[in-house]
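In: Output the structure for:
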Amino acid sequence: MSIPQSGGGPIDRHEQLAEYLADGCKPKADWRIGTEHEKFGYCKDTLKPLPYAGERSILAVLEGLRDAHGWDPLVEGGNLIGLTKDGANISLEPGGQLELSGAPLETIHQTCDEVNDHLRDVMDISDKIGVGFIGLGAAPIWTHDEMPLMPKGRYKLMDGYMQDVGTMGTTMMRRTCTVQVNLDFGSEADMVQKLRVALALQPVATALFANSPFFEGKVNGHKSWRARVWRSLDESRTGMLPFVFEDGFGFEAWVDYALDVPMYFVYRDGHYINALGQSFRDFLKGELPALPGEKPTLSDWADHLTTIFPEARIKKFIEMRGADGGPWRRLCALPAFWVGLLYDQSALDAAWDLCKGWDAETREGLRVAASVDGLQAQAGGVDMHTVAREAVAIAEAGLAARARPGAGGMLTDETHFLNALKESVESGKTPADELLEHYHGDWNGDLTRIYEGFSY
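Out: This is a model prediction of the structure:
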């Protein structure tokens, strides 16, 4: 979840809303890669989730990273709720999932170094206090009542509201993890093409990274239970957004969509003011019930944009949201996949050719089928395994065309970061399939074995 935005002046003209998005346009030389990933923490002896405070807790991990590894604290209401350093943030998801929101970096080599450094630092602290971390799309055993709600005002508001607008919102908050990548665009037209490809192919990422076949100690019938959860969260702010594929789509169309998404909050003076279900359109007119007579700032608009959760979204960049949290090597594979598809024009055109013939029903069908069947998904006459193989090949060609060497001028380009995905398309197996094979094989149905075998 995003931290509160700051620095935006008053909104005096409706046009400022689209201009805010358009300000994200950058020349290609300035395009960057921002990778985010979440993981579950647990006590190694009990295999139970971490509380916020205590000897073995989220707070202890944050304090250890602050004191031993030079991170600066982020405090809300007297509670340490995050850290920041060198353009990156470490934050808490609602159920205590630890998230790294990486700095904007130039290459996959750099973002993978960042991931590796972060996980080594987390292990340094967690090993000392008997804590472990695991990358999965959904908590495999823990129940809702076992997952603490972190002491952030945003989450307290969302928790109650989620129970009124869908059936799985609180499950999403407490018991799911994802890996995401944020990428830039050069112009409005470039944003449109990239967002269309991102949305259409997001089910491919869901299939390739499917890693949550267990829930509450049982096989749940889905390769990605996380993706299933998101389908029953809040229809007003999730989904595949068919309007993005309509003629004339651009920044203004996104503004119209975002204005119709009900608000969560307004952030003022370190506090979250309850605006649940209220309208940003009313806010623009000074008629928001939560703050009567007050009009929003651009920071309020930026905050509101962070409360929209489709499969891909735009702020001042495009955010890919379709993948389960996963094992260490796949944390670098996700940015490699999307950078390969979107940051080389020939690859982007090829990716669009791959999916431009799909209608809204097919795209939604693939979204549903990917969560259930992973690479074996079928929808609208589209075979997911075939599409995934083609998409990975296009991404590989795009990374090869970028020809970005590693540190010290190493000849190795970024294509090797796709190796985990190439193995999946060759075998037809996702991480979820591997987990299920263990569960039905050498684990003999003992799901606690997942912690020993798949923790960082």
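In: Next secondary structure after the lowest-mean-pLDDT helix or strand in the chain?
Out: The helix or strand of the chain with the poorest confidence is helix 153-165; it has a mean of 91 (mean pLDDT, DSSP states H and E). The element immediately downstream of helix 153-165 (helix or strand, assigned by DSSP states H and E) is helix 169-175.
In: related to what we said a few turns ago, what residues sit buried inside the least confident helix or strand of the chain?
Out: 153-158, 161-162 (16 or more other CB atoms under 10 Å). Where C-beta positions appear, they are placed from N, C-alpha and C, glycine not excepted.
In: what's the answer for stretch 119-134, then?
Out: Quick answer for stretch 119-134 (16+ other CB under 10 Å): 119, 121-122, 125-126, 129, 131-134.
In: With stretch 163-173 instead?
Out: Applying 16+ other CB under 10 Å to stretch 163-173 flags 166, 168-173 as buried.
In: same thing with stretch 231-251?
Out: 231, 233-234, 237-241, 244-245, 249, 251.
In: ditto for stretch 292-312
Out: For stretch 292-312, by 16+ other CB under 10 Å, it's 296-312.
In: between the buried residues of stretch 119-134, which is closest to residue 144?
Out: Among the buried residues of stretch 119-134, residue 134 lies closest to residue 144 (CB to CB), at 18.4 Å.
In: what's around the closest residue to that closest one other than its chain neighbours, how many residues?
Out: Residue nearest to residue 134 in three dimensions, not counting chain neighbours: residue 455, with 4.5 Å by CB to CB, 6 or more residues apart in numbering. Burial of residue 455 is recorded as 20 neighbouring residues (other CB atoms under 10 Å).
In: Contact partners for residue 455?
Out: 132-134 (CB atoms under 8 Å, 6 or more residues apart in numbering).
In: Closest to residue 288 out of those residues?
Out: The shortest approach to residue 288 among the contacts of residue 455 belongs to residue 133, at 40.0 Å (CB to CB).
In: Need the three-state assignment for residue 45.
Out: Following DSSP: H, G, I helix; E, B strand; the rest coil, we place residue 45 in the coil state.
In: Now secondary structure too, for the buried residues of stretch 119-134, in CSV please.
Out: Converted to CSV, the buried residues of stretch 119-134 look like this (three-state DSSP):
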residue, secondary structure
119, helix
121, helix
122, helix
125, helix
126, helix
129, helix
131, strand
132, strand
133, strand
134, strand
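In: if we take those residues, which one ends up nearest to residue 419?
Out: Looking across these and measuring by CB to CB, the closest to residue 419 is residue 119, at 18.5 Å.
In: quick one on the thing from earlier: confidence-wise, which of the buried residues of stretch 163-173 comes last?
Out: Among those, residue 166 carries the lowest pLDDT, at 87.
In: State the distance from it to residue 125.
Out: 35 Å (CB to CB, to the nearest Å).
In: Pass me the low-pLDDT residue ranges in the stretch 301-450 of the chain, would you?
Out: Under the criterion pLDDT under 70, the flagged ranges of the stretch 301-450 of the chain are 408-411.
In: Quick check: residue 439 touching residue 220?
Out: No - shown here, residue 439 and residue 220 do not form a contact pair, counting by CB atoms under 8 Å, at 11.6 Å.
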